[in-house]
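Novice: Based on what follows, work out the 3D shape:
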Amino acid sequence: MALQISATNPEHPTLLLELPWDLPLEEWPEHYLVPLPRGISRHVVRYARAGTEVVAVKELAERPALREYELLRSIDRLNIPAVDPLAVVTGRTLGDGTPLEPVLITRHLNGSLPYRSMFETTLRPATMHRLMDALAVLLVRLHLAGFAWGDCSLSNTLFRRDAGAYAAYLVDAETGELHPQLSDGQRDYDLDLARVNISGELLDLEASGALHPSVDPIEFGMEICKRYEGLWQELTRTSVYPAGKHHYIDRRIRRLNELGFDVAEMQIAHSSNGDTVTFVPKVVDAGHHQRQLLRLTGLDAEENQARRLLNDLESWMATQDDYAPGDPLAARPEVLAHRWVREVFRPTVRAVPLELRGSMDPAELYHGLLEHRWYLSERAQHDIGLDTAVDDYVANILPKVRDSLPSPTDDPELPV
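Specialist: Here you go, the predicted model:
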């Protein structure tokens, strides 16, 4: 059988032809290889140069190679974080005609590291928990798409930080199965496999002295299950909110925040029964919200203030689907953010008299107004709107704040 390279991109076979397919992967010369960290694997895996790209090459039998290739393509179409499948090479033989195993080729994810290699360093426990949060997000996204992984582990998952966000990527889909929808039993089984695999690898790292002494491998494996269950419940439960009760949406965002997750995307579907809301979570690094708010709006705020303002911006953007239909530029985030600043943020801040603002900057003032609106809406059991919140804040909150501040005569350093 002649050498055959099955690839979706016509450019890839030309680049891949330069690699030594007539040699077992274990015997490839060093000048073809790239020394990058790898997780443990039941197959021989190497990183190699293919033109200007770095690719991961894995030897395995033809049937599972083709199956995994198609599964990775399906996952890519579902927009789930995973490595990019490039090709399957079959018909490999030694110089004397002895058959060699086919290989699956995927693109190396730039800036990524296997989870196992991350845990082999002296990571702080807090950072480890954020890594596991990102892995919980990946598992939830896979299960929502109907994909049962069957082999989630520290070695089969890549970690990458991208613009302040922590993201986990699926590497090995060999044991995976794609269904229209997963049952609770299928999810529980997949999650239990992940717990056993993760705890097992952490025990292995502990035995080698590479694990932080404060991390309990068993408890850590169980913790990811708890994080997964909390996130799954918050994301999948049916939520149909009566029209006008937008504070219910705020309440759900707060619960996600309390779980340690932030909202990457929010979708509001309007129906005759109310507003159905779905969320896409992510795990972010310190200062991420500050940077994002500054990039989108030009507003410079503290991290908690920025988080709250971005939540409000995201909620507002989700209601603008019918604005300027047919104009794709009008729906771009930076365009909507500019409108939010011009039509919502500035008018709201300007509605508060200057003499009552004291030392509060606009971002702090708006944050306070949002918190007050949420409090009043919870008490009234309906969304009271920003205008009502501003009026009540000006009448009942700001005077108390001003009265609690020291007057100039209370400070001996200031002239009377």
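Novice: How are the helices of the stretch 101-250 of the chain distributed by residue range?
Specialist: Secondary structure of the stretch 101-250 of the chain by DSSP state H, counting those that start in this stretch: the helices cover 115-119, 125-144, 184-207, 217-236, 247-258.
Novice: Comparing the ones you listed, which yields the minimum mean pLDDT?
Specialist: The stretch with the lowest average pLDDT out of the helices of the stretch 101-250 of the chain is helix 247-258, scoring a mean of 74.
Novice: residues of that helix that come out buried?
Specialist: For helix 247-258, the neighbour count (16 or more other C-beta atoms under 10 Å) marks H247, Y248, I249, D250, R252, I253, L256 as buried. The C-beta positions use only the backbone N, C-alpha and C, and glycine is treated the same way.
Novice: Just the CA coordinates for it, please, in CSV.
Specialist: Presented in CSV, the C-alpha positions along helix 247-258 are these (Å, rounded to 0.1, in the frame of the first residue of the first chain):
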residue,chain,number,x,y,z
HIS,A,247,-32.5,41.7,38.3
TYR,A,248,-33.1,38.0,38.0
ILE,A,249,-30.3,37.9,35.4
ASP,A,250,-28.1,39.8,37.7
ARG,A,251,-28.8,37.3,40.4
ARG,A,252,-27.7,34.4,38.2
ILE,A,253,-24.5,36.2,37.2
ARG,A,254,-23.8,36.8,40.9
ARG,A,255,-24.2,33.1,41.6
LEU,A,256,-21.7,32.2,38.9
ASN,A,257,-19.3,34.8,40.3
GLU,A,258,-19.6,33.3,43.7
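Novice: what angle do that helix and helix 217-236 make?
Specialist: 170 degrees (axes from the mean of the first three to the mean of the last three C-alpha atoms, to 10 degrees).
Novice: just how off-centre is helix 247-258 within its chain?
Specialist: Taking C-alpha atoms, centre = their mean, to the nearest Å, one finds the center of helix 247-258 at 18 Å from the center of the full chain.
Novice: same thing with stretch 102-112?
Specialist: For stretch 102-112, the distance to the chain centre is 21 Å (C-alpha atoms, centre = their mean).
Novice: Need the contact partners of that stretch.
Specialist: For stretch 102-112, contacts defined as C-beta atoms under 8 Å, 6 or more residues apart in numbering pick out 12, 16, 21, 25, 34, 36, 47, 50, 53-62, 65, 68-69, 72, 83-92, 158-162, 169, 171.
Novice: just the strands in the chain please.
Specialist: Under the criterion DSSP state E, the chain carries strands at the ranges 4-7, 45-50, 53-59, 84-90, 103-107, 113-114, 147-148, 157-162, 165-170, 177-178, 240-241, 262-271, 274-284.
Novice: for the second one, what is the average pLDDT?
Specialist: The one in question is strand 45-50. Mean predicted lDDT for strand 45-50 stands at 90.
Novice: Show the pLDDT at E11.
Specialist: 61.
Novice: Can you check which of the helices of the stretch 101-250 of the chain gets nearest to D151?
Specialist: Judged by C-beta to C-beta, the one of these that comes nearest to D151 is helix 184-207, at 6.9 Å.
Novice: quick check: angle from the closest one to helix 217-236?
Specialist: Going by the same axes, to 10 degrees, helix 184-207 makes 150 degrees with helix 217-236.
Novice: what is the orientation angle of helix 184-207 with strand 157-162?
Specialist: Going by the same axes, to 10 degrees, helix 184-207 makes 80 degrees with strand 157-162.
Novice: elements contacting helix 184-207?
Specialist: Packing partners of helix 184-207 (3 or more C-beta pairs under 8 Å, 6 or more residues apart in numbering; DSSP states H and E): helix 115-119, helix 125-144, strand 147-148, helix 217-236.
Novice: would TSV of those with mean neighbour count and distance to R307 be doable?
Specialist: Listed next are the helices and strands packed on helix 184-207 as TSV, based on neighbours: other C-beta atoms under 10 Å; distance: least, C-beta to C-beta, whole Å:
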stretch	mean neighbour count	distance to R307
helix 115-119	22	26
helix 125-144	21	16
strand 147-148	22	30
helix 217-236	17	17
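Novice: Lovely, talk soon.
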